[in-house]
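> curious how this folds, go ahead:
(one chain, ligands or ions: 1)
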Amino acid sequence: MKWTNTILSLAFMAKAIMASPFVHNRANGIDVYKLTVSGGNRELDGQVLRMKASKIGVYGSGDKYMTVKVYPASSEKPGCNTLHTYPIGIVDHAIAVNGTGAFRDFIDVVQPAGLSASNTMTNWNSFQMSENRLKVDMGGKWVAFPDPDQGWNVKWFDGKSMVAQDYIPITIKYTKVDN
Ligand SMILES: *[C@@H]1O[C@H](CO)[C@@H](O)[C@H](O)[C@H]1NC(C)=O
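Predicted coordinates for the structure are as follows:
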């Protein structure tokens, strides 16, 4: 790479880092957690959550799909946390439930702070971690759906809608990992 390119990319990186409100979390001792399914069925119980494209679910073992690791940060919503993915890159990522229907996707969101205020379907600021369980402060429960390809997609079910689909209720637990 030419020097001019190197200098340009360094300048870009510095700008991106300064623009991120999360930089102060990089420094020391953040708590990082992995997420595991509890309950469900034999294929689900005890499995760690991984990321497939931007979806979060149970997608087998091995290195193909990255384990979701998150660290909590403060949320605008009282009593709640945002959960950002780890390792921390130049661009902030957080996990969120997304959608408007009975079942909302559990996803990874790029630059959540940049989501427009009119986007009410992507909820990334309502996570609650208590008694070893991950919850969303919006009424409902975690469920799993078979992925058409392989594995299971985790979704948030509002718990009220009458639905025809088969879903499997699960619990999501968090465990601290070394970082
Ligand atoms: C959220 O869901 C909507 C509707 O399915 C979709 O258009 C949008 O891209 C999703 N947002 C993210 C961040 O994935």
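> can you pull up the bridge partners for Ile107?
Going by DSSP bridges, Ile107 is paired in beta bridges with Lys55, Ala96.
> near it, how many other residues are there?
Applying other Cβ atoms under 10 Å, we find 21 residues neighbouring Ile107. From N, CA and C alone the C-beta is placed, and that goes for glycine too.
> likewise for Leu49?
With other Cβ under 10 Å as criterion, Leu49 counts 24.
> give the contact list for it.
Leu49 makes contact with 34-37, 56-58, 67-68, 154, 172, according to Cβ atoms under 8 Å, 6 or more residues apart in numbering.
> which residue does the protein have closest to the ligand?
Asn98 (3.8 Å; Cβ to the nearest ligand atom).
> for that residue, report the pLDDT, please.
pLDDT for Asn98: 97.
> and it, what does it touch?
104-105, 107, 109, 121-123.
> which residues of the chain lie near the ligand?
By Cβ under 6 Å from any ligand atom, the residues of the chain that approach the ligand are 54, 98-99, 107, 109, 121-122.
> quick check: ChimeraX command selecting the buried ones in these.
Filtering those down to the buried ones (16 or more other Cβ atoms under 10 Å) takes a single ChimeraX command:
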select :98,99,107,109,122
